[in-house]
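S.K.: with the input below, show me the fold.
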Amino acid sequence: MSSERETGVGTDVELVPIAELVLKGSPRSTGEDAEHARSLAELDSEAELPPIVVQRGTNRVIDGIHRVRAARLRGEWAIRARYFDGDDAGAFVLAVESNVRHGLPLSLADRKSAARRILREHPGWSNRAVASVVGLSPKTVGALREQHGAQVTEVRIGRDGRVRPVSAASGRERAREILLRDPTSSLRTVSAAAGVSPGTVRSVRMQLTGQATAVVPEQRAGEQRATAQRVTAQRAAEQRAASPKQNPDPRRARGPAPRPAGPDRTSAMLRALRSDPSLRFNESGRLLLSVLAVAAMDANTRERLVGDLPDHCVDFVAELAEASGQAWQELARRLAERRSATADPN
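M.R.: The predicted model follows:
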C-alpha cells in the first residue's frame, strides 16, 4: 500500500492552475507548516516540484499542499498534478497514507484521529488494514475501535483483501454447515467460503468424521435437512430483497442480463467498489477501478471531452472509443457467462 500504488490515481501528469486548487480537508489538524513550505521553495528552485495528487471533480488537494504553497512562494501560476478518481472517504484514506509515508509526517494525535474516522467509514476493515494506512500498531487501532464504539461486523477485510471472521467460532460454524451440506467439498473451497484457514476446515472435518460413529443416522439426516432448510430460506430472502418484483427462481434472478444502470445507480455502484479493499489492495482490482471510472462519466463531461478534442485527434479517438466499446461488450458477455455458471449448481 505504498504511495506508488495508490488506488484511483492516474499516471498522467497535468499542469493545473494553482488558483483552481482547493486546500481544505487535510488530516493535519495544525494546518500547513510555513517553514516546511519555504524549505521546499528554496530547495533547488530551478527544479520542478514532484506532482501533487488532486481529487477529480472537486480539485481538492489530497497530497501536496506544502508543494502548492512552495510553488506560490516561487511565483509560479501552475503546478504538475495527477488526478484521483474516488469519493471523499477514499480521498481521506489516500491523504493519510501519503502523509504517513513521505513528506512532513503526521503527528501521533493526527494519526489516531485519522484511525477513528477510517474505523467509522470502513468498519469492516481489519485492525491491521487500518494500521497500515495510519502508521499505528494493530493493537493501538484495536484499542481505538473499542474506546469509540466503532460498528461491530461479523467479518473484517484484511490488507490482502481477504474476508475473515472476527470470531473464530463463527467461522468454524460456517465451515461445519458447508461440510454437512456437501462432505466432498475441498478444503480450499470451504476455507474461502467460511473465511477460515484450510487447517481449521480440516479440523472441523475430522470432528464431524469422529461424530459420525456416535450419532445415529436419523439424527444426522435431520441435522442436514435443518441446515439445508435454513440455507434455502436465507437465499430466498436475499433474492426477494434484491428483486422483489421479479421471478424468485435463482437462475432467473441471477441471469446473464443485469438491468441497465442509471446515472445515480452507476455512481453508487462505483463508490461501493472503490471502498472495497479486495479491489483496492491488488493490481487487477486497481486497474478495474481505473477503467470503470469511464462508466460514471456524465453527459456534460462527455460533451466537454468531444468539444475540447483537437481536430487532428478526432479520427484516432473515435476509432479507439469504438474498439473500447467492443472490448466492454466482450467483457460483459464473459461476466454474464460467469453469472450463469454461478447460478447453476450443476
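
S.K.: so where does Ala81 fall, helix or strand?
M.R.: Per DSSP states H and E: Ala81 is located in strand 78-84.

S.K.: enumerate the positions of that strand that are buried.
M.R.: Ile79, Arg80, Ala81, Arg82, Tyr83, Phe84 (16 or more other Cβ atoms under 10 Å). Backbone N, C-alpha and C define where each C-beta goes, glycine included.

S.K.: so which of these would you say is closest to Ser185?
M.R.: Of all these, Ser185 sits closest to Phe84, with 41.5 Å by Cβ to Cβ.

S.K.: pretty sure that closest one sits against Phe92.
M.R.: No - counting by Cβ atoms under 8 Å, Phe84 does not reach Phe92; the two are 11.0 Å apart.

S.K.: reformat the buried residues of strand 78-84 as JSON lines; add pLDDT and distance to Ser191.
M.R.: Shown next, in JSON lines, are these (pLDDT from 0 to 100; distance: Cβ to Cβ, whole Å):
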{"residue": "Ile79", "pLDDT": "93", "distance to Ser191": "49"}
{"residue": "Arg80", "pLDDT": "93", "distance to Ser191": "46"}
{"residue": "Ala81", "pLDDT": "93", "distance to Ser191": "43"}
{"residue": "Arg82", "pLDDT": "92", "distance to Ser191": "39"}
{"residue": "Tyr83", "pLDDT": "93", "distance to Ser191": "39"}
{"residue": "Phe84", "pLDDT": "91", "distance to Ser191": "35"}
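
S.K.: ok, these vs Met297, which is closest?
M.R.: Tyr83 (13.4 Å).

S.K.: skipping adjacent residues, who's closest to the closest one in space?
M.R.: In space, and not counting its chain neighbours, Tyr83 is closest to Arg56: 4.4 Å by Cβ to Cβ, 6 or more residues apart in numbering.

S.K.: state the distance from that neighbour to Gly86.
M.R.: 8 Å (Cβ to Cβ, to the nearest Å).

S.K.: which stretches of this protein have low pLDDT?
M.R.: 1-7, 44-46, 103, 149-170, 192-196, 211-264, 275, 277-282, 342-346 (pLDDT under 70).

S.K.: now do the domain split for it, please.
M.R.: Using automatic domain parsing, the domain parsing of the chain gives 3-152, 164-253, 263-343.

S.K.: tell me the contacts of the residue nearest to Tyr83?
M.R.: Tyr83, Phe84, Asp85 (Cβ atoms under 8 Å, 6 or more residues apart in numbering).

S.K.: in CSV, list those along with distance to Asn99.
M.R.: Listed next are the contacts of Arg56 as CSV, based on distance: Cβ to Cβ, whole Å:
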residue, distance to Asn99
Tyr83, 19
Phe84, 14
Asp85, 20
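
S.K.: from these, which is closest to Glu97?
M.R.: Phe84 (11.8 Å).

S.K.: quickly list what the closest one is bridged to.
M.R.: For Phe84, the beta-bridge partners are Val9, Gln55 (DSSP bridges).

S.K.: contacts only, for Val133.
M.R.: Met1, Val93, Val96, Glu97, Val100, Ala114, Ile118.

S.K.: just the ones of the residues you listed in helices?
M.R.: Mapping those onto helices (DSSP state H) picks out Val93, Val96, Glu97, Val100, Ala114, Ile118.
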